[in-house]
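Q: Quick one: sequence plus predicted model below, questions after.
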Amino acid sequence: MWSHSTKSLCISRSAALTQQRAHDALAVAKALLFGTDNCPVPSQHFNVVRDAIKPYQKPQQQRKVQLQLTLRELSQFAQRTIPNDHMEGGSLSTVTFGSVVAPLLDVAAVLESSARAYLDKIITCVPSARGIVTNLDKHSVLRIWLYQEGADCRTHCDPGLATALLQGSQSGLEVTFDEVAPFRLASGDYRSTKRRSALDGDDQSISCDDVIWTPAEELVRSSSLSSSGASTEYEPVLIMAGTQTQVLTSHRIRGVPHRVVNVGPNASCSAAPRVNIILELRPEFPKQWYGFEPVDSEMRSLDSFIHKH
Ligand SMILES: O=C(O)CCC(=O)C(=O)O
Ligand SMILES: [Fe+2]
């Protein structure tokens, strides 16, 4: 379901992701990063898991915590065993990390397939770029953010191909379709950017005034109004183009600038923190594609895709 005429952002709902499942996954994410309240998984596991995967917290800004794992690391962690405190048949048993954080993995899988489905539509128009979607698990990342009251996220475009995310446990995410800054590519080495600026999602900082910001909730509302059949019992997934898709499409589909604002106690009085789960698809060799130009027939395919309703 396209929520923007430039095809730079779409909203999809999958029968695999009910609102309850999204809620459970956010609770697991919160437990992993922070505490264990309202968590569907026994608390004793999280100390072990937290020690194993080390969420990132920038010392100067204690109000934001991030956990970032490549999809490859995620699948390795999922198979790892951790002690189960309950004795089974008299002997000490183990469980997999994956079974402990199952709701989170469910959501990650839906986010990944949503982002891939979006990307497939673009690659179908630009078949000579097909190589860019191989080995995506190497640098693509699952990011979990926890924002304490007062924390925010500066305006940026994600550097990868496409990002799929939930709206989060509280509002705050906003996007703009305005042009806010000159186009800039990521460094191209996702491993070094991970170390350098993990706190802000490896992003490219943008300075902007006078742009129109749309809260994620408003995007979702307007996309459900325009669609007939989509059921609202399923959680909406937002998919946004990143700057690498802007390169692949010769700037026809632009990376979507976004930010997180005003994280605090909200109207329903649920207290901060805000938690969100984000999956960003990143190519294995980004720099190889920086000079990519679609051929004429691909440009025409892209144009008709972009203008199709
Ligand atoms: O917290 C959010 O919803 C968005 C975070 C974000 O933009 C990112 O991780 O790149
Ligand atoms: Fe982002």
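A: Perfect, thanks for sending it. Residues are numbered from 1 along each chain as shown. Ligands and ions are numbered 1, 2, ... in the order given.
Q: anything in stretch 252-267 sitting right up against ligand 1?
A: Yes. Counting by Cβ under 6 Å from any ligand atom, ligand 1 has neighbours in stretch 252-267: 258, 260. Any C-beta I mention is one placed from the backbone N, CA and C, and that applies to glycine too.
Q: Use 55 as the first number from now on
A: Okay, residue one is now 55; in that scheme the one you just asked about reads as stretch 306-321.
Q: Now do the buried residues in that stretch.
A: With burial defined by 16 or more other Cβ atoms under 10 Å, the residues of stretch 306-321 counted as buried are 306-314, 317-318.
Q: At which residues are the helices of this structure located?
A: 73-87, 98-107, 125-133, 151-154, 156-179, 244-251, 270-280, 297-302, 350-361 (DSSP state H).
Q: For the last one, name the packing helices and strands.
A: What that stands for is helix 350-361. helix 156-179 (3 or more Cβ pairs under 8 Å, 6 or more residues apart in numbering; DSSP states H and E).
Q: So for the nearest residue to Gln224 once chain neighbours are set aside, what's the pLDDT?
A: Once flanking residues are discounted, Gln224 sits nearest to Arg328: 4.1 Å by Cβ to Cβ, 6 or more residues apart in numbering. pLDDT, Arg328: 91.
Q: how close does Arg328 get to Gln221?
A: Per Cβ to Cβ, to the nearest Å, Arg328 is found 10 Å from Gln221.
Q: Comparing these two, which shows the higher neighbour count?
A: Applying other Cβ atoms under 10 Å to Arg328 and Gln221 shows that Arg328 carries more neighbours, namely 28 against 22.
Q: Tell me the bridge partners for the more buried one.
A: Tyr201 (DSSP bridges).
Q: right, and it touches Tyr201 too?
A: Yes. Arg328 lies in contact with Tyr201 (Cβ atoms under 8 Å); the separation is 4.4 Å.
Q: Report the set of residues contacting both of these two.
A: 226, 314, 317 (Cβ atoms under 8 Å, 6 or more residues apart in numbering).
Q: Contacts only, for the last one.
A: Contact partners of Val317, counting by Cβ under 8 Å, 6+ apart, are 201-206, 224, 226, 326-328.
Q: I'd like to know how many residues surround the residue of the stretch 105-254 of the chain found nearest ligand 2.
A: Across the stretch 105-254 of the chain, the shortest distance to ligand 2 (Cβ to the ion) belongs to Asp212, at 4.4 Å. Residues near Asp212, counting by other Cβ under 10 Å, number 29.
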